[in-house]
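1. please find the sequence and the predicted model below.
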Amino acid sequence: MLFGVPMPTSPAGRGPLTPGFRAGLGAALVLLVAVTGLSLVNDDRLTFVGLFAIVPFLAAVFAYWQLVLVMGLSATVVAVGLVAITQGVGPAVMIDLAGVLLATGAAVAVARIRERQDNRIGELFRLAAVAQQAVLRPLGPQVGSMAVAGRYISASTAADIGGDLYEALDTPYGVRIIIGDVRGKGLDAVRLASIVLGSYRHVAYERADLRAIVTDLDRAVARSVGDEDFVTAALVEERGGTLTIVNCGHPAPLLLRRGQVISLEPPSPAPPLGFMPVARPRVERLEPGDRLLLFTDGLGEARRDGEFFPTTDRAWRLLGHGTVGDGLASLETALVDWVHGRLEDDIALVLLEYAGPDGGPAVPMPSWEVGAAGS
């Protein structure tokens, strides 16, 4: 995503050199050349010998310890060469040479300590990413009568692992989807997301009423978090062409129909899971070709120069073509371009398309939906 030029590989099978690595190594080389040049043009060539001690420390900021050692020894060799071509060397110069050698050893030690810390942090990120991937199973491409695609967009390669979650299931009560966002980040957020999804994957098959699922999930969250923790969530059900949405403090889904984008706001606001929400369902009748976008609040917070990404205005042009996977790919490209690659929060996206009745056995309409779709 980054540069169109090949990036050099690091020693010992390491990954590509980072911009910080190249900057630190470049600064050390520039200083080595500059001090050498100043020493050669100065009448007293040994005036700046002590400055060579800075070279390995500059490299140690980002470089691997092997390269720090190379830079330190290079500075030492240059300093010794300057001493060799100079007559009348005093004890102060020899102390400077010893200082360059000591600085090289200290810089190598610093670099090794930093590398170990970076490796530990990197391992934690990898473990968290693996945990998150285990929690967020791949969606689609078809669940019941709905074409489904999911996408997780991380705020940055070094960002904390977030607690965004989604799932789509074909149950005896129709196709059911959840999307949610855990307050906070890191492994605690991933843990709570796994609790919510684990509970949902069980009760979605057992409860005929979405509101009963909300109650079960609320209890699961309340047992697992502190007083200030919560999970926003939207639960969606497609049953016999009827769409039911129960929203617990989550951004409203967007319905894309015949070139129009409709925000499916809940009949009344409800608090997130963990705060005992009592949510009223919103009911719509679906038409073949309808698409539904579910997303977490990272999409609503994406902005550049204080201007938010115009999701509603651009949704049809971005999401109304090709497959649902193509639509999400277009949205991600436009979003990353809008924010110049700098997102403030992770984003979970789910795009659904209703294909119409699948010809299978009819699923009875839930009692609370009778007459609601046409009202």
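-> Nice, thanks for sending it over.
2. and the longest strand along the chain, what does it pack onto?
-> As assigned by DSSP state E, the longest strand anywhere in the chain is strand 174-185. Under the contact criterion of 3 or more CB pairs under 8 Å, 6 or more residues apart in numbering; DSSP states H and E, strand 174-185 touches strand 146-153, strand 162-171, helix 187-203, strand 231-239, strand 291-295, strand 347-354. In short, each C-beta sits where N, CA and C put it, glycine included.
3. give me the distance from it to the chain's centre.
-> 16 Å (CA atoms, centre = their mean, to the nearest Å).
4. what pairs with it, parallel or antiparallel?
-> Looking at strand 174-185 with DSSP bridges, its partner strands are strand 162-171 (antiparallel), strand 231-239 (antiparallel).
5. which of these has the lowest mean pLDDT?
-> For these, mean pLDDT drops lowest on strand 162-171, to a mean of 92.
6. on that earlier part again, okay if I get the helices and strands packed on strand 174-185 as a markdown table plus mean neighbour count?
-> Putting these into a markdown table (neighbours: other CB atoms under 10 Å) gives the following:
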| stretch | mean neighbour count |
| --- | --- |
| strand 146-153 | 21 |
| strand 162-171 | 23 |
| helix 187-203 | 19 |
| strand 231-239 | 25 |
| strand 291-295 | 25 |
| strand 347-354 | 25 |
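7. how about the contacts made by the closest residue to residue 349 other than its chain neighbours?
-> Closest residue to residue 349 in three dimensions, ignoring its sequence neighbours and counting by CB to CB, 6 or more residues apart in numbering: residue 151, at 4.5 Å. For residue 151, the contact set (CB atoms under 8 Å, 6 or more residues apart in numbering) comprises 328, 329, 332, 348, 349, 350.
8. which of the residues you listed lies closest to residue 91?
-> Proximity to residue 91 was ranked across the contacts of residue 151 by CB to CB; first place goes to residue 332, at 65.2 Å.
9. the closest one reaches residue 153, doesn't it?
-> Yes - here residue 332 reaches residue 153: they are 5.8 Å apart, a contact under CB atoms under 8 Å.
10. shared neighbours of those two, which are they?
-> With CB under 8 Å, 6+ apart as the test, residue 332 and residue 153 both reach residue 349.
11. ok, which of the strands paired with strand 174-185 comes nearest residue 94?
-> strand 162-171 (56.8 Å).
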